[in-house]
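In: task: produce atomic coordinates for the following.
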Amino acid sequence: MLTLAIETSCDETAASIVDATHRRILSNVLYSQIKEHAAYQGVIPEVASRAHLERLPHLVEEALTQANLQPTQLDALAATTGPGLTTALLMGSTFAKTMALALGKPFLATNHIEGHALSPHLTDPNLTFPYLLLLVSGGHTQIVMVHQPGHYEMLGTTVDDAAGECFDKVGKLLGLPHPAGPAIEQLAKQGNPTTLQLPFPKNDASLDFSFSGLKTAMRDLISSLPHEAVMPAQAGTHGINQRSVPSSADIAASFQHRVSTIFAKKCGNALAQTKAPTLVAAGGVAANSAIRSALAETCAQHGATFSAPPPHLCTDNAAMIAYAAGLRHLHRLPTGTLATPVRPRWPLAEVTAA
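Out: Okay, the predicted model is just below:
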């Protein structure tokens, strides 16, 4: 089952060819639009859409070259049709639909979140259904029971902000480049994670998250510090001139530690309630090594196995879209048609097997 997929849900332009039958990535190319959006410290939909339009022809050609395939050898074309930025989604889906129409191949409309949910199978040959999924990205923070392709049970979600959004806002307050997740992780390596006692919103037995209060606490803390304190610390130092003022490295480390403990606590609750044998972490925030370490420790405490895709498959990519689309096709699940519209809001709960 050879599927060429296009991913343009936000600010990553990607194309990939995957053999879903054998879980093989034949090609996976990506262009990150960090430079295009750097001046705005956030993603501008119009800028993202134009970048997608400019890059897609070259990326698709490169994906075919890497896989050593001709377009006629493909079994299907796929694209992310939601959730995401409307105009960005239109770029990728229209391109894939045009190729499908020209080649006489099926078009598979694919849910971006389902791509994340199934992506661990591409690199973990031992992963079997069912498993517990922690999906953490710029727009989503959810705990989901993945029973099988097309059958997802939502167990918990954020009641306000997503974890990825919180990372970006804190990074902006610290003067770090967008996207802030990788920058915070690097800065945190120089800091002391126990410097600050930060709030733990919704510290209860539920499986829901809340990050709004933590984001507000970080804003209040950083705004109260002297300007010179909110500067990257030198390796091995904490504070300014040995004073009791935390450095930006201490702030980043404490923030990252708090988010890690929140994930660990909530996933521990979920493992205890469901008795799931495996916990999977996916999405851009799941690329963070400190978060992975905390989740692995939680799994060990509950006698469960921890699994996560490599970092380059946690962030937005087309390989996960190609695999999810191909897997749905192989399982004879609904995959849409050329008439399927993009859906900027498309919850995983609505991606059903029926």
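In: spatially central residue in this structure, please.
Out: G283 (2.3 Å; Cα atoms, centre = their mean).
In: so for that residue, what's the nearest residue that isn't a sequence neighbour?
Out: Counting by Cβ to Cβ, 6 or more residues apart in numbering, S137 is the residue found nearest to G283 once chain neighbours are left out, at 3.6 Å. C-beta: built from backbone N, CA, C; applies to glycine.
In: same question for V285.
Out: Nearest to V285 is V136, by Cβ to Cβ, 6+ apart, at 3.8 Å.
In: quick check: that neighbour touching S260?
Out: No - between V136 and S260 there is no contact under Cβ atoms under 8 Å: 11.0 Å.
In: between the two, who's got more neighbours?
Out: Ranked by neighbour count (other Cβ atoms under 10 Å), V136 and S260 place V136 first, with 28 against 21.
In: shared neighbours of V136 and S260, anything?
Out: Overlap of the contact sets of V136 and S260 (by Cβ atoms under 8 Å, 6 or more residues apart in numbering) consists of I291.
In: show me how the protein divides into domains.
Out: For the chain, automatic domain parsing gives the domain ranges 2-118+313-350, 128-308.
In: check the offset of the first one from the chain's centre.
Out: Pointing back at domain 2-118+313-350 there. Between the centre of domain 2-118+313-350 and the centre of its chain there are 15 Å (Cα atoms, centre = their mean, to the nearest Å).
In: how near is the residue nearest to P125 when sequence neighbours are not counted to Q66?
Out: For P125, ignoring the flanking residues on the chain, the nearest one in space by Cβ to Cβ, 6+ apart is R23 at 7.4 Å. R23 sits 17 Å away from Q66, going by Cβ to Cβ, to the nearest Å.
In: could you do S212 as well?
Out: Relative to Q66, and taking Cβ to Cβ, S212 is found at 43 Å.
In: ok, then the element right after the host helix or strand of I251?
Out: Secondary structure assignment for I251, by DSSP states H and E: helix 248-274. Counting by DSSP H and E, the element after helix 248-274 in chain order, helix or strand, is strand 278-282.
In: which secondary structure elements does that next one contact?
Out: strand 131-136, helix 248-274, helix 289-301, strand 305-307 (3 or more Cβ pairs under 8 Å, 6 or more residues apart in numbering; DSSP states H and E).
In: where do the helices of the stretch 1-150 of the chain begin and end?
Out: For the stretch 1-150 of the chain, the helices defined by DSSP state H, counting those that start in this stretch cover 34-37, 45-67, 86-103, 112-118.
In: next, format those helices as TSV and append mean pLDDT, distance to P201 and mean neighbour count.
Out: Listed next are the helices of the stretch 1-150 of the chain as TSV, based on pLDDT from 0 to 100; distance: least, Cβ to Cβ, whole Å; neighbours: other Cβ atoms under 10 Å:
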stretch	mean pLDDT	distance to P201	mean neighbour count
helix 34-37	84	29	14
helix 45-67	96	30	18
helix 86-103	98	31	20
helix 112-118	96	23	27
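In: nearest approach to A205 belongs to which of these?
Out: Set against A205 and scored by Cβ to Cβ, the helices of the stretch 1-150 of the chain come closest in helix 112-118, at 24.5 Å.
In: who are the packing partners of that closest one?
Out: strand 76-82, strand 131-136, strand 141-148, helix 319-330.
In: reformat these as TSV; add mean pLDDT and distance to G171.
Out: Shown next, in TSV, are the helices and strands packed on helix 112-118 (pLDDT from 0 to 100; distance: least, Cβ to Cβ, whole Å):
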stretch	mean pLDDT	distance to G171
strand 76-82	98	25
strand 131-136	97	16
strand 141-148	96	17
helix 319-330	97	25
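In: to A294, which of the ones you listed lies closest?
Out: A294 lies closest, by Cβ to Cβ, to one member of the helices and strands packed on helix 112-118: strand 131-136, at 10.9 Å.
In: just how off-centre is the closest one within its chain?
Out: Centre-to-centre, strand 131-136 and its host chain are 11 Å apart (Cα atoms, centre = their mean).
In: which residues does it contact?
Out: By Cβ under 8 Å, 6+ apart, the residues outside strand 131-136 that reach it are 113, 116-117, 141-146, 155, 162-164, 263, 267, 270-271, 274, 276-286, 291, 295, 304, 307, 348.
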